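Student: Need a 3D model of the following:
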Amino acid sequence: MSIQDLFQKGQSFLYFINQDQDTYKEKTLELYEKISIPEALTQEIRKLNRTINVLVFAEIWCPDCMINVPVLQKMSDINSNIKIRIVSRSGNEALMEAYKLKGKPKIPTFVFMNEGYEELGIFIEQPKVVKEVELKGKQVEIIVAKRKYRKGEFYIETIEEIMGIINRQ
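Tutor: Next up, the predicted model:
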């Protein structure tokens, strides 16, 4: 199956969150509602004048998915040129082979593609700012950063990272 075929078979954000009727859905929607994008960044998202197809590998139970998939949906809400389709990691591991980190397929994995389904870049699991704190290895800093991240406090950094991928051409 091609990446384009998989994209076409993907589901919407609404379908994604409705896979659960309890905690995961509530947490995802809570984080979605908290996202308030600064006007300058909103304008940058609105300026996007070409189609960006985003194939998302995600699972509703995954904490990183509950945080980052709503961010991507907010961006799509601002600009309908950002087309999102979500598929499960389960059953699609072979297609995720090229996006593994440390030998494992991580979620969420966002594959950004142009209108012709040519890959522009990827976002995997967490924003770079969180990954960099983890790499430093200072336990207290990692704990603080992870708590903030789990509360959704790094969504601006995620948006900026995504915009960097989309605008890289």
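Student: now N49, nearest residue through space, not along the chain?
Tutor: Leaving out its chain neighbours, the residue that sits closest to N49 by CB to CB, 6 or more residues apart in numbering is N81, at 6.9 Å. Backbone N, C-alpha and C define where each C-beta goes, glycine included.
Student: My read is that the one you found contacts V54, right?
Tutor: No. Counting by CB atoms under 8 Å, N81 does not reach V54; the two are 10.8 Å apart.
Student: returning to what we had before: who's in contact with the residue nearest to N49?
Tutor: With contact taken as CB atoms under 8 Å, 6 or more residues apart in numbering, N81 is in contact with L48, N49, R50, T51, I52.
Student: how about a cut-off of 10 Å?
Tutor: Neighbour list for N81: I45, R46, K47, L48, N49, R50, T51, I52, N53, M75, E115, I166 [criterion: CB atoms under 10 Å, 6 or more residues apart in numbering].
Student: coming back round to it: okay, and the common contacts of N81 and V54?
Tutor: Listed as contacting both N81 and V54 by CB under 10 Å, 6+ apart are M75, I166.
Student: N79: how many residues sit nearby?
Tutor: Using other CB atoms under 10 Å, N79 has 15 neighbouring residues.
Student: For it, report the pLDDT, please.
Tutor: Per-residue pLDDT puts N79 at 98.
Student: Could I get the full set of helices for this structure?
Tutor: Applying DSSP state H to the chain gives helices spanning 3-9, 13-17, 23-34, 39-46, 63-78, 128-136, 139-150, 155-167.
Student: Select, out of those helices, the one closest to A98.
Tutor: The closest of the helices of the chain to A98 is helix 3-9. By CB to CB, the value is 9.8 Å.
Student: List the buried residues of the closest one.
Tutor: By neighbour count on 16 or more other CB atoms under 10 Å, the buried set for helix 3-9 is I3, L6, F7.
Student: Then stretch 140-160?
Tutor: So for stretch 140-160, counting by 16+ other CB under 10 Å, buried means A145, Y149, R150, G152, F154, Y155, I156, E157, T158, I159.
Student: Name the nearest of the residues you listed relative to V129.
Tutor: Within the buried residues of stretch 140-160, the smallest distance to V129 is 4.7 Å, found for E157 (CB to CB).
Student: Do I have it right that the closest one meets F123?
Tutor: No. Counting by CB atoms under 10 Å, E157 sits too far from F123 to count as a contact (11.2 Å).
Student: Give me the common contacts of these two.
Tutor: V71.
Student: I60: what's it in contact with?
Tutor: 16-20, 23-25, 27-28, 66, 69, 86, 88.
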